[in-house]
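> for reference, the sequence and a predicted model appear below.
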Amino acid sequence: MAKEELIEMEGIVEEVLPDTRFRVKLNNGHEISAYASGKMKKHRIRVLAGDRVTVEMSPYDLSKGRVRFRHKEERPHVPASNNSSYNGRR
């Protein structure tokens, strides 16, 4: 099957399952079972519950998919407390 035939959608990871599988709720409300793509496994990209992801699905089986991309969420930077009495030793 050519890559042009794949359906690409975005969703939120609802649950992390064993063996790099995930339960993903798509933006249209459907829930699918998805697995991490090979490059995500190779580069050890962690996907956690609540992450926004892009999923590829075959038009022949819309209940399964492959997580192709994990979107980076803008998280506020929290500076470490500046405790001058701490010198790294206990």
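All right, it came through fine.
> so what touches the host helix or strand of Ala34?
Per DSSP states H and E, Ala34 falls inside strand 31-36. Residues outside strand 31-36 that contact it (CB atoms under 8 Å, 6 or more residues apart in numbering) are 11, 14, 17, 19-26, 45, 47, 53, 55, 57, 62-67. Where C-beta positions appear, they are placed from N, C-alpha and C, glycine not excepted.
> among those residues, name the buried ones.
11, 22, 24, 26, 47, 53, 55, 57, 65-67 (16 or more other CB atoms under 10 Å).
> next one: the closest residue to Phe69 other than its chain neighbours from Asn27, what distance?
Nearest residue to Phe69, sequence neighbours excluded (CB to CB, 6 or more residues apart in numbering): Thr54, at 4.1 Å. Going from Thr54 to Asn27 by CB to CB, to the nearest Å gives 11 Å.
> who has more neighbours, those two?
Neighbours were counted for Thr54 and for Asn27 using other CB atoms under 10 Å; Thr54 has more, 15 against 10.
> where does that one land in three-state SS?
strand (DSSP: H, G, I helix; E, B strand; the rest coil).
> how about it, what does it touch?
8-10, 67-69, 71.
> now with 10 Å, please.
Thr54 makes contact with 8-11, 65-71, according to CB atoms under 10 Å, 6 or more residues apart in numbering.
> turn those into TSV, including pLDDT, distance to Lys41 and secondary structure.
Shown next, in TSV, are the contacts of Thr54 (pLDDT from 0 to 100; distance: CB to CB, whole Å; DSSP: H, G, I helix; E, B strand; the rest coil):
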residue	pLDDT	distance to Lys41	secondary structure
Glu8	96	19	strand
Met9	97	21	strand
Glu10	97	21	strand
Gly11	97	19	strand
Gly65	98	15	strand
Arg66	98	11	strand
Val67	98	10	strand
Arg68	97	12	strand
Phe69	97	14	strand
Arg70	97	12	strand
His71	95	18	coil
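> can I get those residues in a markdown table including distance to Glu31?
What follows is the contacts of Thr54, written out as a markdown table (distance: CB to CB, whole Å):
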| residue | distance to Glu31 |
| --- | --- |
| Glu8 | 17 |
| Met9 | 12 |
| Glu10 | 14 |
| Gly11 | 9 |
| Gly65 | 11 |
| Arg66 | 16 |
| Val67 | 14 |
| Arg68 | 18 |
| Phe69 | 19 |
| Arg70 | 18 |
| His71 | 19 |
